[in-house]
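Q: Quick one, what's the 3D model for this:
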Amino acid sequence: MVPGPAETRLKVGPHRSVSLREDPIHGSLVIKRYQSAGRWSRLRDGGRARREMRMLKRLHGAGLAVPHPIACERRAGLWTLSVKAIQGARAFSDFLQPLPTASTASERQRMARNLGSLVGQAHALGLDHGDLHGGNLLLDVAGSAWLIDVPKARLRRAPDPSVLERDLVTLLAEAREFVAPGLALRFWCAWRRSFLAHGGKQELASRELLKRVESKACLQRRESLKQHENRWIRPSGVCELREYHGKTVLAAKHAAARAWFDNESQHTFTDTVNDEVFHAWKNVGRAWQHGLPCMIPLYLEQGSPPRAVYLLPQALVSMGMALNWRNTDLFAALRERELDLSPRSQPNEAASGHLLFGPRCRLVNPRVPFDG
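A: Model prediction:
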């Protein structure tokens, strides 16, 4: 169903669409329309909508920060759930791709504490969200945390240790490369205080839990990296096929790349080392997603020979290994994320004296072998 003229489409999925609408009585509303494609699935849409409405009311009544439910009704043949919009909200996962440079250290610390407090309270209530990840945790303009998207959620009589561990592993695995170790510790401490303050049992918030979560999060993050690194060598959420000078290239989707294709006024660096082009392209793409000082991936020619082209934020003068490279901005950013460069990496030196992560670099995690 196409949203009305006063609505803005936010997201479209296989079973639901989400839009933003201004209402004269309630102000900004988020409208979730259940629109399953299959005939039998559509018969269950009403039950899904009513179940999510009931869960939102229960959680809101228990004092958990969830969107305020307004109405659940059938309109134009579709079940519709309306909730109050959270002003200026962004998903926590957005803050990880890459870590926003506009936020200060104190703001990030406050966000980590607020997220930990929210998740701790939810766990103490016995909530099994069913799909808790960074996309279902929002941060508003004030840094306050909110929990959304609860159609699969259940409230248990007591917290389930396996649910606690699963949720914490998922969140830590998603965030562990992109945030400072101190932020993860603040999240954990805030989670524990909130969990105990809202009635959670001491034995469920032990140091042994933290050790298990950290260990499993490392393994889960490593598996995720293996599964997603090939997004940089095929059409995906980060790359798209594009015609360029009579050739079909795999172009990065980010704004800097699209602006370069429109102008082509900035300097570029071309990598043609045949046996390393694809691996290097994926590594630089990952570094760029980290927000590290690096060459910016533009496009990849997958022919013979392959070529990868990067945008240079600053002109290069040489390889930078002769500098005191451990005291540069690049390595400060790496330390903040508990990352390092492999011993054989060769960063590039810019004219300003700063080092840039380039095709001859490789990210590694010194604390976890092979977590690179």
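Q: Who are the packing partners of the host helix or strand of Leu171?
A: In the assignment (DSSP states H and E), Leu171 maps to helix 161-175. Contacts defined by 3 or more CB pairs under 8 Å, 6 or more residues apart in numbering; DSSP states H and E place helix 161-175 against helix 105-124, helix 181-197, helix 207-228. Any C-beta I mention is one placed from the backbone N, CA and C, and that applies to glycine too.
Q: least reliable of those helices going by mean pLDDT?
A: Among these, helix 207-228 carries the lowest mean pLDDT, a mean of 84.
Q: Nearest residue to the middle of the chain?
A: By CA atoms, centre = their mean, the chain has its centre lying nearest to Ser93, at 2.6 Å.
Q: For it, give me its contacts.
A: Residues in contact with Ser93 (CB atoms under 8 Å, 6 or more residues apart in numbering) are His133, Gly134, Gly135, Glu174.
Q: Excluding covalently adjacent residues, which one is nearest to the first one?
A: Closest residue to His133 apart from its sequence neighbours, by CB to CB, 6 or more residues apart in numbering: Thr170 at 5.7 Å.
Q: ok, now the last one?
A: The shortest distance from Glu174 to any residue that is not its chain neighbour, by CB to CB, 6+ apart, is 5.0 Å, and that residue is Gly134.
Q: So the one you found sits against Ala91, correct?
A: Yes - using CB atoms under 8 Å, Gly134 makes contact with Ala91 at a distance of 6.2 Å.
Q: Between these two, which has more neighbouring residues?
A: More crowded of Gly134 and Ala91, by other CB atoms under 10 Å: Gly134, with 19 against 16.
Q: Any figure for the gap between the more buried one and Val119?
A: Relative to Val119, Gly134 is positioned 11 Å away (CB to CB, to the nearest Å).
Q: just to revisit the earlier point, buried residues in the helix holding Leu171, which are they?
A: By 16 or more other CB atoms under 10 Å, the buried positions in helix 161-175 come out as Val163, Leu164, Arg166, Asp167, Leu168, Val169, Thr170, Leu171, Leu172, Ala173, Glu174, Ala175.
Q: hmm, back to that, overlap in contacts, Gly134 and Val119.
A: By CB under 8 Å, 6+ apart, Gly134 and Val119 have these common neighbours: Leu171.
Q: No further questions, thank you.
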